[in-house]
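Asks: Give the three-dimensional model of this entry:
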Amino acid sequence: MEKQPFEAEVVREGDETTLRVDCESVARVPSIEDDALYMTKAIELLIANPDVTKLVFVQRRDYEYEYEQVRLLKEIAMLYNRIIRRSNEFNHTALAQMGASIDVNRAYNELHDVIFNKLKSDPVAAYLHLKRAVRRERIVLDRSTSPEEEHGQRRYVRLLELLVEPLEKTSLIQQLQAHLAGYKEGDRSVYRLLFSPAIKPDFMFTRLMATYPRGAQEVANKTIGNSEVVVFELENDIQYLYHVTPPEFKLDEAKYELLDAARRILSEHTPTQKEFINPERMREVFANIGHDLLLELATHRKIQLSDDEIETLTAILIRYTVGFGLIEVLLEDPDIQDITVNSPPGNIPIFLTHAKYGECKTNILPTVSDVESWASKLRIMSGRPLDEADPILDTEIEIPGVAKARVGVIAPPLDPFGIAYAFRRHRDKPWTLPLFIKNRMVNALAAGLISFLVDGNRTMLVAGTRSAGKSSLLGSLLVEIMRKYRILTIEDTLELPTEALRNLGYNIQPMKVAGALARGSSEVPADEGIRTTLRLGDSALIVGEVRSKEARALYEAMRVGALANVVAGTIHGDSPYGVFDRVVNDLEVPRTSFKATDIIIVANPIKSADGLHKWRRVTQITEVRKLWDDDPLREHGFVDLMRYDAEKDELVPTDALINGDSDILKSIAGQVKEWAGDWDAVWENVLLRAELKEHLVKRAEETRDDDLLEAPFVIQCNDQFHRISDRIKEKYGRLDSKRIAFEWKEWVEQQIRKRKARG
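Replies: Below is the predicted model:
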């Protein structure tokens, strides 16, 4: 049977009661704020269904009004009910009994219009009309000429006051009170201050607060991919609003119907884990199917679509079938670092961390269907469980042509309210030390020192708190390893830029192992993975994060020197002693084994005094000495080579580094004939590396060519540095820093000229 206009259905899910109202046959777009008809219908439906917490008008898209907005209308509905129950007080008979001074017909018509029409369609107009009526009748009362006339007029004024007073106390009128000066009846702009639906097309679950916030100040706007992004500074809120409008929210109704039909057909096939292994190929296959399906449906429905329109619709279709919906739209922005989705879903917006604006909230409201759909995909992609027995999942996703991201998921019973997510966006290209110099995470001297330590095949741990930039810094260390060496990486969640480095000519073998908290997985445990590397020959070993029992295996590898190359990894800890405490006390590595650590690089977030801004900085570069027995802090086992100076906002060398009081650097020098016993030569080489990296940053700024700081060119620069150094050493018998710097800079200038010539 055909549905009638405004036919309603009550849906109960937990504590939420949703009223879904069918408006498909209504010619007007659903809008309580802009249309008196929809406000009237909303209040009438709430009178009949007083327990409703969410109101949804359905017309191709879902127009959802959440609890706080519904509550405002429920107050009006309840007031209307109370007034109707007292209707005998203002019928013809009751008004006539007030005396001859009352114009009964006028009074009856006026009250009837206010109560039965305006109160439901335009409560503000009803309130102001009653206020004016009270003032008008008070003037009449003051002019009364007889006791009978005064008595009747007073009764009528009191009746009007009994109507206006409870209306004035409603939240809707209270919140709009400051905006009613100069109000003209029929002007519904005031309602836009309180009402704004979240809009969700049929083919997707996610809802979007489409309208811009009232009273907000725009601080930035840009186009990312096909999406419009506006950043707002909000009134009475310390967070910025990251407001995104993707192309799927700007389509006409015919395209919405087309996408919805295609989604229903395409969603019948769920990609397998085998298909997810190669996300680029998987998406390509589904895109081809989706493209043909949309063309076929469009032809059948006689809808004319251009090639660009088909491509746009195909991209949207893939995003909401095999993809992650609006999460992918957010990941398109390279300035976004983290995305968090909290539970319970439905009423809480997605939050993100922006490189420039810090912690922001978005206008995106994921639903239960969203978070459950993502969880299903992540289970298939990772091959790892996510259930009551295993409520934690660590994995990664790759959105071809957009970004890669690490994903952390928690589910019941750990999260009693549902499923929550944390997406950490990886940079599109590998980080490099020159990029970190530009971003002030390190200065040139620190970059030169780190480069020297990597070439010296030291064992290093990059420590820091969460979001300190540990993995990014570890990735930049890989770029400093000469391409002639083999590299083995071990991670439980793939974050290191192994694929990008392989494409740049590195001999690199990634290994994926089971997570520290994983159970019931077929993956190899991390400690077995590390021990396996000892049988894979001379290689640099990079461990994504030292978390659990693999620490013992890692220190075994360090102690026996089986890898004969740089060994590095990340670990949580805010200081060198914090790293010692975690390795020895938490991870149960013997104290003597900890001495296999040569260098600890600590990265920590630095906050502004007002707490509104945060920057990533390396705060310490510390060597671990070997002549201590019990406590390296008390027995001077930690020696800072560089330490962060807050006033200068950079790392500064310590006296130990300047004066050559470094066992680790002396150990490196002892392996090079020209440096043995010559601290000045060692220090000169560190300064040379610093000079070259600083020069590269300077030339990138001068030429406005930031690609000079990206991995492809930085790796060429590093290769050329080693070639020139070998040539100078062979020709002059020593590493002449001035000659090396001169030739290297000449080579860089040649490359810059070639780049300009290529356009």
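Asks: show me what contacts the closest residue to residue 650 other than its chain neighbours?
Replies: Once flanking residues are discounted, residue 650 sits nearest to residue 443: 4.6 Å by C-beta to C-beta, 6 or more residues apart in numbering. To be clear about C-beta, it is placed using only N, CA and C from the backbone, and glycine gets the same treatment. Contact partners of residue 443, counting by C-beta atoms under 8 Å, 6 or more residues apart in numbering, are 437, 650-651.
Asks: Return the helix or strand in the protein with minimum mean pLDDT.
Replies: helix 273-277 (a mean of 71; mean pLDDT, DSSP states H and E).
Asks: mean confidence score for the helix or strand following that helix?
Replies: Remark: after helix 273-277, the chain's next helix or strand is helix 279-300, criterion DSSP states H and E. Mean per-residue pLDDT for helix 279-300: 90.
Asks: And helix 279-300, what does it pack against?
Replies: helix 253-266, helix 273-277, helix 307-319, strand 392-399 (3 or more C-beta pairs under 8 Å, 6 or more residues apart in numbering; DSSP states H and E).
Asks: could those go into CSV alongside distance to residue 291 and mean neighbour count?
Replies: Output for these, formatted as CSV (distance: least, C-beta to C-beta, whole Å; neighbours: other C-beta atoms under 10 Å):
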stretch, distance to residue 291, mean neighbour count
helix 253-266, 10, 18
helix 273-277, 18, 13
helix 307-319, 5, 18
strand 392-399, 18, 20
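Asks: Please convert those to JSON lines, extending it with distance to residue 754.
Replies: Shown next, in JSON lines, are the helices and strands packed on helix 279-300 (distance: least, C-beta to C-beta, whole Å):
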{"stretch": "helix 253-266", "distance to residue 754": "46"}
{"stretch": "helix 273-277", "distance to residue 754": "39"}
{"stretch": "helix 307-319", "distance to residue 754": "35"}
{"stretch": "strand 392-399", "distance to residue 754": "33"}
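Asks: weakest of those in terms of mean pLDDT?
Replies: When the helices and strands packed on helix 279-300 are ranked by mean pLDDT, helix 273-277 comes last with a mean of 71.
Asks: contact partners of it?
Replies: Taking C-beta under 8 Å, 6+ apart as the rule, helix 273-277 contacts 281-282, 285, 377, 380-381, 383.
Asks: got it, and stretch 78-88?
Replies: Residues from elsewhere that reach stretch 78-88, judged by C-beta under 8 Å, 6+ apart: 43, 47, 50, 94, 115, 119-120, 163, 166-167, 170.
Asks: Check the residues you listed for the minimum pLDDT and say which it is.
Replies: Within the set of these, pLDDT is lowest for residue 94 (80).
Asks: Pretty sure it sits in a helix.
Replies: Yes. Using DSSP: H, G, I helix; E, B strand; the rest coil, the assignment for residue 94 is a helix.
Asks: got the contact list for it?
Replies: Per C-beta under 8 Å, 6+ apart, neighbours of residue 94: residue 88.
Asks: What separation is there between it and residue 87?
Replies: Separation of residue 94 from residue 87 (C-beta to C-beta, to the nearest Å) stands at 9 Å.
Asks: In terms of model confidence, name the weakest of the contacts of residue 443.
Replies: Lowest pLDDT of the contacts of residue 443: residue 650, 93.
Asks: Quick check on that residue: phi, psi?
Replies: Backbone torsions of residue 650, given as degrees, to the nearest 10, read phi -160, psi 170.
Asks: From residue 599, how far off is it?
Replies: As defined by C-beta to C-beta, residue 650 lies at a distance of 19 Å from residue 599.
Asks: Kindly report the same for residue 531.
Replies: 23 Å.
Asks: related to what we said a few turns ago, quick one: which of residue 650 and residue 599 has more around it?
Replies: residue 599 (23 against 18; other C-beta atoms under 10 Å).
Asks: Ramachandran angles for the more buried one?
Replies: phi -130, psi 140.
Asks: In this structure it contacts residue 620, no?
Replies: No. At 10.3 Å, residue 599 and residue 620 do not qualify as touching, with contact defined as C-beta atoms under 8 Å.
Asks: the longest strand in the chain is where?
Replies: Taking DSSP state E as the assignment, the strand of the chain that covers the most residues is strand 614-624.
Asks: Just checking: what are the partner strands of that strand?
Replies: If you go by DSSP bridges, strand 614-624 pairs up with strand 599-607 (antiparallel), strand 638-645 (antiparallel).
Asks: Can you mark which positions in the shortest one are buried?
Replies: Looking back up the chat, that one is strand 638-645. Buried residues in strand 638-645, counting neighbours by 16 or more other C-beta atoms under 10 Å, are found at 638-642, 644.
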